[in-house]
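In: Predicted model, plus sequence, below.
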Amino acid sequence: MELTVIIQSKIYEIRGQQVMLDFDLAEAYGIETRVLKQAIKRNIKRFEGEDFMFTLTKEELSRSQIVTLNKGRGSNFKYMPFAFTELGVAMLSSVLNSDTAIEMNRSIMRAFVAVRRFIANPPVDRVSELQNELKELKSYIEEVFTDYNDINEDTRMQLELINRTLAELQAQKRLADSPRNPIGFVKPKQ
């Protein structure tokens with residue numbers, strides 16, 4: 001499975017397609033890049049159309065993360081690399097007919113399938129999911145506290161009114177319970 005991961009790291013997206021470059025394929029097949037290019041040129045009809053293979057431009061190379069072009073003799077490409085789509089890599093198996101090439105083609109095809117599955121079903125980003133849940137929870141808590149503060153203020157006002165009313169009632173009760181001087185004739189105590 002480690003080989004599939006290594007191959008996946010050499011699959012690039014160029015012109016909206018998943019491709020592998022000729023020098024990566026040559027390395028994987030255990031041959032020189034020029035030998036791979038010669039085999040392709042001898043069988044060019046098998047690779048007609050951009051859905052099989054296309055040649056990269058200098059612009060595509062310089063703005064991609066694939067290769068950094070350096071200044072100086074021998075550091076730049078003499079011939080632009082070929083980019084092979086999944087169909088092109090499958091077609092390579094008919095051009096390169098060694099046991100190594102056949103076995104490597106199987107691994108490469110598995111890597112293309114794995115990349116396609118990964119694109120179709122990206123892994124769930126747990127961190128983003130948790131951040132979203134945290135934002136929702138914060139928003140909910142802020143709403144609850146705002147409502148609580150509103151209720152709390154209303155409750156304070158109501159409690160204040162209740163306390164005033166109770167104080168007035170207690171004052172009235174004290175007045176009602178205090179001994180009064182009786183009106184009228186009072187019998188002397190015997």
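Out: Here it is on my side, so go on.
In: Residue 92: how many residues sit nearby?
Out: Residue 92 is flanked by 26 other residues according to other C-beta atoms under 10 Å. Placement of C-beta: from N, CA and C, glycine included.
In: how far away is it from residue 19?
Out: Residue 92 sits 12 Å away from residue 19, going by C-beta to C-beta, to the nearest Å.
In: Overlap in contacts, the two.
Out: residue 84 (C-beta atoms under 8 Å, 6 or more residues apart in numbering).
In: Need the nearest residue in space to residue 54, chain neighbours excluded.
Out: Excluding the flanking residues, the one nearest residue 54 by C-beta to C-beta, 6 or more residues apart in numbering is residue 83, at 5.5 Å.
In: separation between that neighbour and residue 50?
Out: 9 Å.
In: Kindly report the same for residue 18.
Out: Counting by C-beta to C-beta, the gap from residue 18 to residue 50 is 13 Å.
In: Name all residues that sit in contact with the two at the same time.
Out: residue 85.
In: all helices for this structure, in order.
Out: According to DSSP state H, the chain carries its helices in the segments 2-8, 22-29, 33-42, 58-63, 86-95, 99-120, 126-177.
In: Turn these into a markdown table, columns for mean pLDDT.
Out: Below are the helices of the chain laid out as a markdown table (pLDDT from 0 to 100):
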| stretch | mean pLDDT |
| --- | --- |
| helix 2-8 | 74 |
| helix 22-29 | 85 |
| helix 33-42 | 87 |
| helix 58-63 | 74 |
| helix 86-95 | 81 |
| helix 99-120 | 77 |
| helix 126-177 | 83 |
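In: hey, which of those helices is tucked in deepest?
Out: When the helices of the chain are scored by mean count of other C-beta atoms under 10 Å, the highest mean neighbour count falls to helix 22-29 (a mean of 20).
In: can you give me the offset of that one from its chain's centre?
Out: 31 Å (C-alpha atoms, centre = their mean, to the nearest Å).
In: who's in contact with it?
Out: Under C-beta under 8 Å, 6+ apart, the answer for helix 22-29 is 7, 10, 32-33, 35-37, 40, 81-84, 89, 92, 96, 98, 100-101, 104, 107-108.
In: follow-up on the earlier one: between the helices of the chain, which one is nearest to residue 189?
Out: helix 126-177 (22.5 Å; C-beta to C-beta).
In: gap between that closest one and the chain center?
Out: 41 Å.
In: before we move on, what about stretch 56-63?
Out: Chain-centre distance of stretch 56-63: 28 Å, with C-alpha atoms, centre = their mean.
In: hang on, the earlier thing: possible to save the helices of the chain as JSON lines with distance to residue 189?
Out: Converted to JSON lines, the helices of the chain look like this (distance: least, C-beta to C-beta, whole Å):
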{"stretch": "helix 2-8", "distance to residue 189": "113"}
{"stretch": "helix 22-29", "distance to residue 189": "124"}
{"stretch": "helix 33-42", "distance to residue 189": "133"}
{"stretch": "helix 58-63", "distance to residue 189": "118"}
{"stretch": "helix 86-95", "distance to residue 189": "121"}
{"stretch": "helix 99-120", "distance to residue 189": "107"}
{"stretch": "helix 126-177", "distance to residue 189": "22"}
